[in-house]
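**Student:** After the sequence you'll find the predicted model.
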Amino acid sequence: MDSAGGACSAAVWASGALAARRHQLMARGQSEQLVPMIAAVMADWGGSFDTLDAIAVTTGPGGFTGVRIGLATARGLALARRLPLLGISSFEVAAAAAGEAERAGRTVVALIDSKRDDVFVQTFDAELGPSTAPAELSLGALATALPAGPLLLTGDAAGAGLAALQAAGRPDAVPADAAGPGDAGVLAARAAWRLQQGLGDAAGGAEPLYLRPPDVTPPKRGGAS
């Protein structure tokens with residue numbers, strides 16, 4: 001399940017393939033849509049939670065509320081069904097959305113919308129191994145922060161990143177065909193790959209990945225009575 005970014009999605013991976021998937025773009029409202037969407041996907045698949053091997057969820061970065069909703073829902077289901085829980089970052093899901101042929105010979109740049117004038121960034125090699133730590137960068141800093149050579153941009157901020165790189169004279173950057181908000185179908189495939197490789201929760205468990213504090217304002221103290 002993925003509710004960390006500008007979409008809400010759920011999927012089931014079974015017998016080496018995507019068995020069911022639902023995906024809806026939305027800026028907000030994941031808290032109302034995620035659980036019914038999971039139920040719909042399970043009905044589409046026709047199986048039960050008792051036959052699942054694990055549950056996977058994106059850990060962010062992304063919208064603070066969306067990340068928390070996804071994690072809380074996944075943890076509740078995993079606890080109730082006594083299933084392993086895999087947490088995979090939105091960066092890894094964005095990178096994995098790019099096809100193998102697209103990735104060949106390029107540095108994969110996962111760009112996540114921060115809802116500000118900067119972006120969340122992490123780079124991967126063509127085999128989806130992380131080559132840098134997650135970071136928050138201004139769009140103007142991308143051209144000098146990213147490595148030289150061909151770049152493949154993916155994630156929901158790929159368009160903004162491409163415009164910034166072109167403006168800075170980096171013609172070696174191209175967008176991935178599947179650049180966009182997170183997709184639980186990609187997450188499910190990546191989780192299945194992790195389980196097959198015996199990696200389990202090698203990504204650090206299902207803990208939220210926040211690169212900055214939430215955008216909240218503490219309530220003002222009331223006046224003296």
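**Tutor:** All right, it came through fine. Numbers count the residues shown, from 1 in each chain.
**Student:** Please identify the buried residues of stretch 63-78?
**Tutor:** 63-64, 66-71, 73-74, 77-78 (16 or more other Cβ atoms under 10 Å). All C-beta atoms are positioned from the backbone trio N, CA, C, and that covers glycine.
**Student:** mind exporting it as CSV, just the C-alpha atoms?
**Tutor:** Only the C-alpha atoms of stretch 63-78 are listed here, as CSV (Å, rounded to 0.1, in the frame of the first residue of the first chain):
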residue,chain,number,x,y,z
GLY,A,63,3.1,14.2,2.8
PHE,A,64,3.4,13.9,6.5
THR,A,65,-0.2,12.8,7.0
GLY,A,66,-0.1,10.3,4.1
VAL,A,67,3.0,8.6,5.4
ARG,A,68,1.6,8.2,8.8
ILE,A,69,-1.7,6.9,7.5
GLY,A,70,0.0,4.3,5.4
LEU,A,71,2.3,3.1,8.2
ALA,A,72,-0.5,3.0,10.8
THR,A,73,-2.7,1.0,8.4
ALA,A,74,0.1,-1.4,7.5
ARG,A,75,1.2,-1.9,11.1
GLY,A,76,-2.4,-2.6,12.2
LEU,A,77,-2.9,-5.2,9.5
ALA,A,78,0.4,-6.9,10.0
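**Student:** on that earlier part again, mind putting the buried residues of stretch 63-78 in CSV, secondary structure included?
**Tutor:** Output for those, formatted as CSV (DSSP: H, G, I helix; E, B strand; the rest coil):
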residue, secondary structure
63, coil
64, helix
66, helix
67, helix
68, helix
69, helix
70, helix
71, helix
73, helix
74, helix
77, helix
78, helix
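**Student:** What is the nearest of the residues you listed to residue 53?
**Tutor:** Here the nearest of the buried residues of stretch 63-78 to residue 53, counting by Cβ to Cβ, is residue 78; it sits at 11.5 Å.
**Student:** Pull up the per-residue confidence for that closest one.
**Tutor:** With respect to pLDDT, residue 78 has a value of 93.
**Student:** Going by residue numbers, what spans are strands in this protein?
**Tutor:** Ranges of strands in the chain, per DSSP state E, are 7-14, 17-25, 55-58, 85-88, 107-113, 118-124, 135-138, 151-154, 173-175.
**Student:** export those to a markdown table and tack on distance to residue 166 and mean pLDDT?
**Tutor:** Shown next, in a markdown table, are the strands of the chain (distance: least, Cβ to Cβ, whole Å; pLDDT from 0 to 100):
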| stretch | distance to residue 166 | mean pLDDT |
| --- | --- | --- |
| strand 7-14 | 26 | 97 |
| strand 17-25 | 25 | 96 |
| strand 55-58 | 29 | 96 |
| strand 85-88 | 30 | 94 |
| strand 107-113 | 14 | 97 |
| strand 118-124 | 15 | 97 |
| strand 135-138 | 16 | 96 |
| strand 151-154 | 11 | 98 |
| strand 173-175 | 7 | 96 |
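**Student:** pretty sure residue 188 is touching residue 18, no?
**Tutor:** Yes: Residue 188 is within contact range of residue 18, at 6.5 Å (criterion: Cβ atoms under 8 Å).
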